[in-house]
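Q: this is a predicted model, with the sequence first.
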Amino acid sequence: MQIFKVGGAVRDRLLGLPVTDIDWVVVGATADEMLAKGYRPVGADFPVFLHPKTGEEYALARTERKSGRGYGGFTFHASPEVTLEEDLIRRDLTINAIAEDDLQNLTDPYHGQRDLEARILRHVSPAFAEDPLRVLRVARFAARYASLGFAVAPETLELMRQLSESGELQALTAERSWKEISRALMEDQPQVFIQVLRDCGALKVLMPEVDALFGVPQPEAHHPEIDTGLHTLSVLEQSALHKQPLTVRWACLLHDLGKGLTPEEEWPRHIAHEHTGLKLIKAVNERFKAPKDCQELALLVGKYHTHCHRALELKASTLLELLQSFDVYRRPQRFEEFIGACEMDARGRKGLEQRSYPQADYLRGAAQAAREVAVQPLLEKGFKGPELGEALKRERLKALKAYKDRASA
């Protein structure tokens with residue numbers, strides 16, 4: 001039995017990056033031998049075991065063969081005869097197909113070190129094209145390592161294009177797709193993930209609503225970058241620079257989908273794009289079964305982001321309506337995330353990335369003014385039920401009018 005460290009742990013150590021998860025491959029062993037040593041089996045698909053003390057994953061060396069559609073359409077074969085090189089060749093990228101023994105001696109049959117030095121994301125073998133999930137994985141790695149200068153090899157991009165055109169991407173489950181998308185959005189340069197998907201034709205398959213934004217012009221006075229797709233990439237880039245959470249980054253990606261529906265004769269204006277985009281945002285949310293908080297924020301940002309940009313001009317009654325829509329009294333964090341997404345939208349414009357966004361603090365102040373209206377005095381006056389709700393609304397409206405007067409004084 002021989003044990004090797006493989007995959008991301010080896011790759012990231014060689015890049016001088018922190019190593020988080022460690023994966024191990026075991027060559028020359030059987031499942032019975034692993035069990036006899038106290039390893040605990042996990043999963044039914046292939047022989048993976050948890051170390052009795054560390055809990056880390058140890059997988060028996062295995063080969064795989066395509067047997068159906070999609071990510072799960074593979075037959076695995078694990079036996080003591082499977083060599084380390086045979087196990088490594090089934091991996092996606094050369095930089096992930098390097099193994100290391102306990103003395104840090106490397107086994108690198110597919111030139112992963114060379115590609116690390118050249119900053120290239122290259123597939124290990126033609127079998128890469130058998131797994132559609134790899135399209136998303138490679139785009140995610142491109143987002144993760146873009147700051148180090150990594151790019152996808154042209155021949156790998158071509159395989160990704162073939163996969164995108166084959167119909168295999170449709171075989172991916174919503175859960176698997178969301179896992180890759182959500183991880184990619186939390187990388188340092190999530191806009192690279194979207195760009196790579198677009199470069200290989202996968203964006204058109206997975207998120208045609210986002211792909212449709214490229215080439216759609218906006219008024220240059222407000223959007224010096226003009227192209228709506230490029231604007232979306234910039235907004236996503238800003239969301240990462242400002243360390244926004246996943247909910248905000250998802251909303252940033254989807255906020256302008258309505259502009260993809262504007263008839264060409266109306267370009268570059270996009271009247272009511274906030275409302276026309278809602279059905280598209282809903283469709284994308286449902287397609288990937290995004291978590292509820294991501295779904296809700298994306299819809300609210302899509303509907304109200306122009307309200308946020310015009311916050312200083314809004315009437316007190318419109319302000320109140322906005323605050324009520326977000327339930328700022330019980331869910332203050334969601335309103336804070338909305339403000340964050342809108343600020344990223346404002347900053348995601350060519351040459352305006354550093355521009356101040358006073359609307360953010362103005363809306364925070366408005367929310368605070370509405371929250372400070374006390375319920376107790378109204379209860380003491382005998383208000384209850386629907387009448388109490390209306391009285392509370394009137395008092396909050398008065399508070400917002402006073403707030404607006406103070407802010408403009």
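A: Cool, the structure landed.

Q: just the strands in the stretch 51-200 of the chain please.
A: 57-60, 62-66, 74-78, 99-100, 106-107, 120-121, 151-152 (DSSP state E, counting those that start in this stretch).

Q: so for the second one, mean pLDDT?
A: By that I understand strand 62-66. Averaging pLDDT along strand 62-66 yields 75.

Q: number of nearby residues for L280?
A: Counted by other C-beta atoms under 10 Å, the residues lying close to L280 total 21. Any C-beta I mention is one placed from the backbone N, CA and C, and that applies to glycine too.

Q: secondary structure element for it, which one?
A: Taking DSSP states H and E as the criterion, L280 maps to helix 278-287.

Q: may I see the buried residues of that helix?
A: Neighbour-count burial for helix 278-287, counted by 16 or more other C-beta atoms under 10 Å, picks out L278, L280, I281, K282, V284, N285.

Q: didn't the first one look like it was pressed against L299?
A: Read it as L278. Yes. L278 is in contact with L299 according to C-beta atoms under 8 Å; the separation is 6.2 Å.

Q: what's the overlap in contacts for those two?
A: When contacts are counted by C-beta atoms under 8 Å, 6 or more residues apart in numbering, L278 and L299 are jointly contacted by no residue.

Q: before we move on, back to that, could you single out the nearest of the buried residues of helix 278-287 to P377?
A: The shortest gap between P377 and any of the buried residues of helix 278-287 belongs to L278, at 38.3 Å (C-beta to C-beta).

Q: picking that back up, can I get the strands of the stretch 51-200 of the chain in CSV including distance to L261?
A: Compiled in CSV, the strands of the stretch 51-200 of the chain are given as follows (distance: least, C-beta to C-beta, whole Å):
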stretch, distance to L261
strand 57-60, 46
strand 62-66, 39
strand 74-78, 39
strand 99-100, 50
strand 106-107, 52
strand 120-121, 34
strand 151-152, 31
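
Q: least confident of those strands, on average?
A: Lowest mean pLDDT within those: strand 74-78, a mean of 70.

Q: so where's the stretch 201-350 of the chain shaky on pLDDT?
A: Along the stretch 201-350 of the chain, segments meeting pLDDT under 70 are nowhere present.

Q: which strands or helices does the next helix or strand along the chain from the helix holding L280 pack on?
A: Later in the chain than helix 278-287, the nearest helix or strand by DSSP H and E is helix 292-309. Contact partners of helix 292-309 among helices and strands, from 3 or more C-beta pairs under 8 Å, 6 or more residues apart in numbering; DSSP states H and E: helix 246-254, helix 273-276, helix 278-287, helix 316-326, helix 332-347, helix 359-371.

Q: so for P219, which of those sits nearest?
A: Closest approach to P219 among the helices and strands packed on helix 292-309 (C-beta to C-beta): helix 273-276, 12.1 Å.
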